[in-house]
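S.K.: quick one, fold the following:
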Amino acid sequence: MACRISELVIDCRDPERLAAFWCEVLGYEVLGREEGFIEIGPGDEGHRPVLVLSSSDDPKSGKLPLHIDVSPTDRDQDAELERLLALGAKPADVGQTGEETWHVLADPEGNEFCLLRRRVT
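M.R.: The predicted structure follows:
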């Protein structure tokens, strides 16, 4: 038997703010709250991983060794980019050449993620 990723934990200053942002980005909902933690996910216990937003006084931000990639599900990449920017994402510069097929963005606390071109269902 192998392991399965069940949770991705993001240390942050404001778990409520990031939970709201990522719920809108991913179509997730709040699954639970404990002091300093908010767990969000698709609502179906069979679908993992969930995100856990963990309160931290000194979270890391910017270029991390691990980041999230998202893909549009019901619109093209340009329309999804507009939606993410309207939600509070910001363009991030990690040395792109301009030839990439993805966009590098940062969430409201500066955590980088990529918007891929490929549409998924």
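S.K.: can you tell me what sits against stretch 74-92?
M.R.: With contact meaning CB atoms under 8 Å, 6 or more residues apart in numbering, stretch 74-92 is reached by 21, 24-25, 72, 103-108, 112-113, 115-117, 119. C-beta coordinates here come from the backbone N, C-alpha and C atoms, glycine included.
S.K.: for it, what is the distance to the chain centroid?
M.R.: Its chain's C-alpha centre and that of stretch 74-92 lie 12 Å apart, by CA atoms, centre = their mean, to the nearest Å.
S.K.: now that stretch: buried residues?
M.R.: Neighbour-count burial for stretch 74-92, counted by 16 or more other CB atoms under 10 Å, picks out 77, 80-81, 84, 88-89, 92.
S.K.: again with stretch 8-27
M.R.: Using 16+ other CB under 10 Å as the test for burial, stretch 8-27 gives 10-12, 15, 18-23, 25.
S.K.: ok, and what's touching it?
M.R.: Stretch 8-27 has contacts (CB under 8 Å, 6+ apart) with 28-30, 36-38, 40, 42, 49-57, 59-60, 68, 70, 73, 84, 87-89, 107-109, 111.
S.K.: how long is it from one end to the other?
M.R.: Its first and final residues considered, stretch 8-27 spans 16 Å by CA to CA, to the nearest Å.
S.K.: what does stretch 58-69 give?
M.R.: One end of stretch 58-69 to the other measures 24 Å (CA to CA).
S.K.: any buried residues in it, and which?
M.R.: The neighbour-count criterion (16+ other CB under 10 Å) identifies 59, 68 as the buried residues of stretch 58-69.
S.K.: what ranges do the strands span in this protein?
M.R.: Assigned by DSSP state E, the chain shows strands spanning 7-12, 29-34, 37-41, 50-55, 68-70, 90-91, 103-106, 112-115.
S.K.: who wins for proximity to Thr97 among these?
M.R.: Counting by CB to CB, Thr97 lies closest to strand 103-106 out of these; the figure is 11.5 Å.
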